[in-house]
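Chemist: Predicted coordinates and the sequence they were generated for:
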Amino acid sequence: MKKLLFICIVSLSVGTLYSQENIENLKSRNIAGESESVMRKVASAPAIEQLLAENPAARYFCFTEDRAYDVRLNDAIPARWTERAGESRTQFTGASAPGEFYTWQIAVYAPFVELEDVRITFSDLKNVENGKIPASAIRCFNTGGINPDGQPFVKRVDIAKGGVQAFWIGIDVDANCRRGTYRGKATVAPRGLPATAVTVVLNIDGDVPANHGDDEGFRKTRLRWLDANVGDAGLPTSPYTPMTVSRQTVEYLGGTVELAASGLPRQITTRYDQSVLLNDTVRNQVLDGEMKFVVETEQGVESFPAGKLRITSVTPAAVHWKSVQQNRNFEIVCTGRMEFDGFSEYRISVKAKNNLTVNDIRMETPYSADASQYLTGLGNKGGKMPSLPLEWKWDAQNRHQDKLWIGNVNAGLNMKWKDENYRRPLINIYYGFGPLMEPVSWGNSGSGGVSILPGAGQGVKVKAFSGKRSMKKGETLHYCLETSITPVKPVDLNRLASERFYHTGGNTSGLIPAAKEAGANYITIHHAADIYPFINYPYSDATTPDMRRFVQEAHLQNMKLRLYYTTRELTVKIPEIWALRSLGAEVIYDGPGKDAKTLIHRNGPDKWLVENFSTHFIPAWYSDIKDGKFRGETDISVITAPDSRWNNYYLSGLDWMVKNIGIDGIYIDDSALDRATLKRGRRILDADGSRRLIDMHSWNHFNGHAGYANSLHIYLDLLPYIDRVWLGEGFRDDNPPDFWFVEMSGIPFGLTGEMLDARNIFRGMTFGMLPRPVWNDPVPMWKLWDAFGMKDARMLGYWDTRCPVKTGNENLPATVYLNGDRALVAIANWTDLPQKGEWTIDETLLGFKPSRMLLPEIEKTQWGNPFHGGKLEVMGRSGLIILLEK
């Protein structure tokens, strides 16, 4: 049968499109909703009948649209398309400036049959003078792109019978492209059906816009951010150092990992003291022996000849290796990778050489006694090692639990079990909409789990088992393990004491002087503010000038500014929302749509979402905007997919804000980010050598909505790139000190933190934690810190054997901050009742003999009085802050 070729003509003529008046019209067109009303007006049944009658041989129809008129309908076509006469139905007027990333749309309508695997390809666009825009500069975002790992991918697009699919196309016009008219083709090709050639006529004229047009969101040039690789580099981020390898020992900033022939660690050693500072004289062993991967059949534990370890790659940022072991029944291949921050990934494939019954395949990890003091994860709240044994089984649908940390303040190891099909789950109250997938290998349909057992001496042994199964000859199982060595970096008390956050949203009028008067030097702007109305989209055209002015004013006052900026929720107010919607579930997470009920949407989604999206979404946060240009409006958001190209967009937006607004960091409020993305973000913030901050906040995830996860723990692999944590939304101050230590302070992981819902100053000071304004008032303590010189002090926590002050009562732990010949001592009563103790001080550890001891007056916290030591009595939930001087 002769192949048919249908022709659609796209004419993008210059006219006066790039006059200032027209640009303003384009901006207002999107804001005023003209595009929405036009594109949601559905074609009448007679009009569609007439369209189909015009070309009954066509299995599908192509329409083209300007970027200002987003295709919104996926089950009907707008009247706009049927109202065009003849060839004008497939023609439109438009143009591109040189240097612009020009976006437009091809919509495909499938009234008769389902269209499978629709592809779009492009020819060069040429002018009469043999100039060209190469086909390589033209892309369709719907059919492929660059994933967050920097790898190209191809995406299959099917169109259901009766459906409409928008294909967003970008043309990267070179800034040196000569003005004039360029012609070429785009070819639409569903599998098994005739192709459609779309003739493209692109007129180039006008001035070169800044940043390819990215400075103005209405152009939708920022769609190119989806495929960006900004932040990719093969170098460590600060404060890390290049990795080295000596024989089978890998060295990184915090210590060493000695590899066994199996490819697993024989020993892990850290170089941190109990103040979580690097110390070359310290060697802390995390393991009490080699980690072992065990295969057990009905005949017993399989014996393997020693494998051969081969280091396959060494760069400053990562070391790769491979080991192969085999016997007559199995081949085991372990490939490993360790990065500069102490993170490692092990991929172990187990291939059966015969039909076999396997009793168990497991990983055995022996922790040293010193590194077995604390635990968090697998359904256990963070704190001291509980009574053993502990048993845990997989329940991925209901429990966000796949990892375990065991350690001490200066030596620990986190383990996360997964397989080759791992998918990052949703977090917070949305876990149930996108839970973990139980790994086929470790989970084994519910037979797998983890046993935490007493080990040698006072150590602990962790057995991650998978249970009994049958394996056929040639079958391969993939056991994957991620580990993070803790602490991930040294604690920086200087920056905790000197970098002070003032955190607010709403009306920013008067905010800078208020923050300055409080003694803060960083302002954090939350979303729903007058200059930042829409969640996770801080570069709205309407408010970016206001944001830029605010940043400039803050800098003039020696203040720095950070913005709420994370992934997982995204406003629907962004110009690209319909382009993202056209990508299916790639960016906007699939879900029940209008039928969704959540903790904050008990009666279902907002009316706008029901009427416009209807299906395939999860409603997220909403805010009533009370100040600024959008006062009276409601910001509505949806959940985004983890590990999607939105990560690339997010990072490009971060890069743009650093360079064009001048922000000094970001505030992350729970997140779907993975460690590779945040590592890129760290590089972006550090690129010019300026100090910019990331701090992270998390809600209490230990509940049924969030899958009983541990808030800090789920982000442990992100901590190398974070400067401070602000945990405890839902954590009260009546939690025990070991809970504060593991789940709130950040200290065992190399970070410092601040208090949120837990606001007890004495308990917070045990860990160097103060509240954050405007949530509570740290100003009196800031003044004390300044007078004492906290930024130059060293923390000797109650957990530190070098701590010079003891009370003789475990309910009255004492932490000492030592600064030369002065010391600040924090003692907190962790009970509701009065507690008695005995003040003792080791002057050798202190470094001087105190001649003066007093209780400094602290507004709203403590009366000023002399202090004489000796017998102590501290009221319930209270404490003492004591100044010692030589």
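Modeler: Looks like it arrived, so ask away. Numbers count the residues shown, from 1 in each chain.

Chemist: can we go C-alpha only for contacts and neighbour counts from here?
Modeler: Will do.

Chemist: residue ranges with poor pLDDT in the protein?
Modeler: Residues of the chain meeting the criterion pLDDT under 70: 1-34, 85-93.

Chemist: Which elements pack onto the longest helix anywhere in it?
Modeler: Identified as the longest helix of the chain according to DSSP state H is helix 646-660. Here helix 646-660 is seen to pack against helix 675-686 when contacts are counted using 3 or more CA pairs under 8 Å, 6 or more residues apart in numbering; DSSP states H and E.

Chemist: host element of residue 694?
Modeler: Using DSSP states H and E, residue 694 sits in strand 693-699.

Chemist: Neighbouring strands - and their directions - for that strand?
Modeler: Strand 693-699 pairs in its sheet with strand 665-669 (parallel), strand 724-729 (parallel), by DSSP bridges.

Chemist: Spatially, what comes nearest to residue 564 if we skip its sequence neighbours?
Modeler: Once flanking residues are discounted, residue 564 sits nearest to residue 667: 4.6 Å by CA to CA, 6 or more residues apart in numbering.

Chemist: now residue 806
Modeler: On the basis of CA to CA, 6+ apart, the spatially nearest residue to residue 806 that is not a chain neighbour turns out to be residue 840, at 5.3 Å.

Chemist: Contacts only, for the spatially most central residue of the chain.
Modeler: Within the chain, the residue whose C-alpha comes closest to the C-alpha centroid is residue 673; the distance, by CA atoms, centre = their mean, is 1.7 Å. The neighbourhood of residue 673, defined by CA atoms under 8 Å, 6 or more residues apart in numbering, consists of 566-567, 642-643, 647.

Chemist: and if you look at residue 173?
Modeler: Taking CA under 8 Å, 6+ apart as the definition of contact, the neighbours of residue 173 are 96-102, 133, 137.

Chemist: Buried among these? Need that as a selection in ChimeraX.
Modeler: Buried residues within the contacts of residue 173, as defined by 16 or more other CA atoms under 10 Å, are selected in ChimeraX through the command that follows:
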select :96,97,98,99,100,101,102,133
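
Chemist: any idea where the strands of the stretch 251-400 of the chain begin and end?
Modeler: Secondary structure of the stretch 251-400 of the chain (DSSP state E, counting those that start in this stretch): strands located at 255-259, 265-270, 284-285, 292-297, 300-301, 308-314, 318-326, 330-339, 343-352, 356-367, 374-377, 380-384, 390-393.

Chemist: Given the fourth one, what are its sheet partners and their directions?
Modeler: Based on DSSP bridges, the strands next to strand 292-297 in the sheet, each with its direction, are strand 300-301 (antiparallel), strand 356-367 (antiparallel).

Chemist: distance between it and the chain's centre?
Modeler: Between the centre of strand 292-297 and the centre of its host chain there is 35 Å, according to CA atoms, centre = their mean, to the nearest Å.

Chemist: could I have it exported to CSV, CA atoms only?
Modeler: Written as CSV, here are the backbone C-alpha positions of strand 292-297 (Å, rounded to 0.1, in the frame of the first residue of the first chain):
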residue,chain,number,x,y,z
LYS,A,292,30.1,-10.8,54.7
PHE,A,293,27.7,-11.8,52.0
VAL,A,294,26.4,-15.3,52.8
VAL,A,295,24.6,-17.8,50.5
GLU,A,296,23.1,-20.7,52.3
THR,A,297,21.5,-23.7,50.5
